[in-house]
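Novice: Based on what follows, work out the 3D shape:
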Amino acid sequence: MLFSMTAMAQEQNAMVSTGEDFVIVKDEVVDGVRYVTAAPSAIVCSKQIDIEIKDDVILKVVYTRGCDGNAKGIGALIKDMKVDEAIRRLEGIKCGKRPTSCPDQLARVLKALK
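Specialist: Modelled structure (predicted):
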């Protein structure tokens, strides 16, 4: 039963907005802060990216699952950074032989939000 509920949730999420290989599950603005939740590509370790943006500045990024220290490091390094700068720094980073990575997935999501 859990599998079918998960599959149903993925189908519903796919209807929200799709990117190249990620899905934007939530994109809403509350009190001037844009809250975005994305499901990255299945080939990366993280399962979800939560992003908060205000006035084109990244307030917070939290990865669910994946390499804990690296994910926290990415979030700490891009906090208070302009969205375009984060995209410039993270876009195209690969993880081993994979064509993308958790940082690249974040850059792709940020780019899709523009």
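Novice: What are the boundaries of the strands in the chain?
Specialist: Remark: strands assigned in the chain by DSSP state E are 23-30, 33-39, 48-54, 57-64.
Novice: out of those strands, nearest to Ala112?
Specialist: Ranking the strands of the chain by proximity to Ala112 (Cβ to Cβ) places strand 23-30 first, at 6.7 Å. Every C-beta, even on glycine, is put in place using the N, C-alpha and C of the backbone.
Novice: Centre of the chain to that closest one, how far?
Specialist: The chain centroid and the centroid of strand 23-30 are separated by 11 Å under Cα atoms, centre = their mean, to the nearest Å.
Novice: And for stretch 97-114?
Specialist: Here the centre of stretch 97-114 is set off from its chain's centre by 7 Å, with Cα atoms, centre = their mean.
Novice: That stretch: which residues count as buried?
Specialist: Using 16 or more other Cβ atoms under 10 Å as the test for burial, stretch 97-114 gives 100-113.
Novice: mind giving me JSON lines with the residues you listed and columns for pLDDT?
Specialist: Putting the buried residues of stretch 97-114 into JSON lines (pLDDT from 0 to 100) gives the following:
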{"residue": "Thr100", "pLDDT": "94"}
{"residue": "Ser101", "pLDDT": "95"}
{"residue": "Cys102", "pLDDT": "95"}
{"residue": "Pro103", "pLDDT": "96"}
{"residue": "Asp104", "pLDDT": "96"}
{"residue": "Gln105", "pLDDT": "97"}
{"residue": "Leu106", "pLDDT": "97"}
{"residue": "Ala107", "pLDDT": "97"}
{"residue": "Arg108", "pLDDT": "96"}
{"residue": "Val109", "pLDDT": "97"}
{"residue": "Leu110", "pLDDT": "97"}
{"residue": "Lys111", "pLDDT": "96"}
{"residue": "Ala112", "pLDDT": "95"}
{"residue": "Leu113", "pLDDT": "95"}
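Novice: now, which of those residues sits nearest Lys54?
Specialist: Closest to Lys54, out of all of the buried residues of stretch 97-114 and judged by Cβ to Cβ, is Leu113, at 12.9 Å.
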